[in-house]
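no sequence on hand, only this structure:
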């Protein structure tokens, strides 16, 4: 296990904020430290992309120091460098979506989430790498290339928030944003040994051209500590009238500050009940050591006072995948119709995107309605489970990080993967039900590669899930196993 000296980039974001506001660290020194770290380690992994001019970033940091001199506090992120996932619009900074079709796209305005981060004081230094249009749980694209795993740069960092998770693990960012449709916050968090939270539907609003039918994807936070995770969620979250499904503010999140977050997250977990679904009664192929490493995490949760119970899957897995997940996933890709229909642009779409769009053409209204009915049935079954349990849990992925030169694993434990995303089926039931899900570091296999465990909470109980994660972080030292690159 590597040990690190105390450095600015090692500080948790809540403590970094405290140091900046107490003037024991300048914003300029913080920016300089992170830029030096990016120069040192980013060439090995390609996590940060579209990095802005260093002189200009240092000037922005000095301006943040001058604001504090005048008594102007912009928020808990005051002066902190952040890089935004390359699916979110950033004014004046390239937003490529990982696609050559948008390689030179520079938005004139920020997305709502980026606006909120800036309002909280953040300085946007660039972007984090993502697969093309966010499709797939392996971060590679023809614009910037592939993102390596912080624990073995020859392996995948996961995706689609792979750049964000890797940058966090290698101390290139204090916190990071991500998004999750099919595990895109959960898989890379597990593979990079950091925390990721997929919030409840509507917790983090994201205005889009279509605002009613797309209720599967969500933005969310990633961090190296749960207090940081909670503070970033509090910044991202909050009602917005432009998003009809957005939730009203959560007073518990609104109350969080960098100086009280620990007290607010502290809770008793004794007597809480957690149901473990493992491999879905054998339906899901699992690579060696996935379940055994997660078992260690379950043991830690049990030592915290939780009652752990292995249960049978509440619905047939193949039915849920074939008749519910695939129709919803294909349907979501219909938004790419203009690119698919253009004979000059279609050749620049990767095969996975073509597969999804052409799949959307095979479903009629009746089939989509049937898929929605099945999803409703699944939601009801999950709520029945929550009548008996406080939390549910499964691994964050079905295999360990694979070679970054591969697009996706062709088989797991001898079972062929029939689609590019079948190896991430383990996350799909929880996307469909809309509950909050936190990815916790579970441990490492014999090759030193990380695995995560996803814990599912009751709908809109995001804060309670964060309290569980905080207790788990304090009870384990898994997050303290640093990537060898940092040694």
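Now that the structure is in, tell me what you want to look at. No experiment lies behind these values; they were computed from the predicted model shown.

what separation do you get for residue 260 and residue 22?
Distance, residue 260 to residue 22, by CB to CB, to the nearest Å: 15 Å. All C-beta atoms are positioned from the backbone trio N, CA, C, and that covers glycine.

and the two? Which one has more around it.
Neighbours around residue 260 and residue 22, counted as other CB atoms under 10 Å, are more numerous at residue 260. The numbers are 12 against 8.

now that one, what are its backbone angles?
With angles defined as degrees, to the nearest 10, residue 260 sits at phi -120, psi 0.

what's near enough to touch it?
With CB atoms under 8 Å, 6 or more residues apart in numbering as the criterion, no residue contacts residue 260.

all strands of the stretch 351-487 of the chain, in order?
Per DSSP state E, counting those that start in this stretch, the stretch 351-487 of the chain has strands spanning 391-395, 411-412, 415-416, 437-444, 450-456. These are given in chain order.

mean pLDDT, distance to residue 69 and mean neighbour count added to those, as CSV?
Shown next, in CSV, are the strands of the stretch 351-487 of the chain (pLDDT from 0 to 100; distance: least, CB to CB, whole Å; neighbours: other CB atoms under 10 Å):
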stretch, mean pLDDT, distance to residue 69, mean neighbour count
strand 391-395, 99, 46, 25
strand 411-412, 98, 56, 16
strand 415-416, 98, 62, 12
strand 437-444, 99, 39, 26
strand 450-456, 99, 42, 27
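
how many neighbours does residue 408 have?
Residue 408 is flanked by 17 other residues according to other CB under 10 Å.

quick one, phi/psi of residue 285?
Backbone phi and psi, for residue 285 under degrees, to the nearest 10, turn out to be phi -70, psi 130.

settle this for me: it is touching residue 418, isn't it.
No. Counting by CB atoms under 8 Å, residue 285 stays clear of residue 418, with 11.2 Å between them.

who's more crowded, the two?
More crowded of residue 285 and residue 418, by other CB under 10 Å: residue 285, with 21 against 7.

and the pLDDT for that one?
Predicted confidence (pLDDT) for residue 285: 99.

same deal with the one 4 residues further on?
According to the prediction, residue 289 has pLDDT 99.

ok, the one 4 residues further on next?
According to the model's per-residue confidence, residue 293 sits at a pLDDT of 99.

how about it, what does it touch?
Contacts for residue 293 (CB under 8 Å, 6+ apart) come out as 442, 443, 444, 445, 451.

which of the three states applies to residue 286?
The assignment at residue 286 comes out as coil when based on DSSP: H, G, I helix; E, B strand; the rest coil.

for it, which non-adjacent residue is closest in space?
Ranked by CB to CB, 6 or more residues apart in numbering and with sequence neighbours excluded, the top spatial neighbour of residue 286 is residue 279, at 5.0 Å.

these two touch, right, the one you found and residue 294?
No. Counting by CB under 8 Å, residue 279 sits too far from residue 294 to count as a contact (10.2 Å).

the more surrounded of the two?
It is residue 294, of residue 279 and residue 294, that has more neighbours when counted by other CB under 10 Å, with 25 against 18.

need the phi and psi values for the more buried one.
phi -60, psi -30.

that one is in contact with residue 451, isn't it?
Yes. Counting by CB under 8 Å, residue 294 does reach residue 451; the two are 6.7 Å apart.

which residue ranges form the helices in the stretch 201-350 of the chain?
For the stretch 201-350 of the chain, the helices defined by DSSP state H, counting those that start in this stretch cover 226-236, 251-254, 261-265, 290-303, 317-320, 326-332, 337-341.

any idea which of these is most buried?
Most buried of the helices of the stretch 201-350 of the chain by mean neighbour count (mean count of other CB atoms under 10 Å) is helix 226-236; its value is a mean of 26.

what sits against residue 219?
Contacts were defined as CB under 8 Å, 6+ apart; by that measure residue 219 touches 88, 113, 177, 178, 179, 199, 204, 206, 236.

swap the cut-off to 7 Å and go again
Contact partners of residue 219, counting by CB atoms under 7 Å, 6 or more residues apart in numbering, are 113, 177, 179, 204, 206, 236.

quick check, nearest of these to residue 242?
Among the contacts of residue 219, residue 206 lies closest to residue 242 (CB to CB), at 9.5 Å.

what residue lies at the spatial centre of the chain?
For the chain, the residue nearest the mean C-alpha position is residue 185 (1.9 Å; CA atoms, centre = their mean).

touching, it and residue 178? I think so.
Yes. The criterion here is CB atoms under 7 Å, and residue 185 meets it with residue 178 at 4.5 Å.

what residues are shared contacts of these two?
Taking CB under 7 Å, 6+ apart as the contact rule, residue 185 and residue 178 both touch 161, 196, 220, 222.
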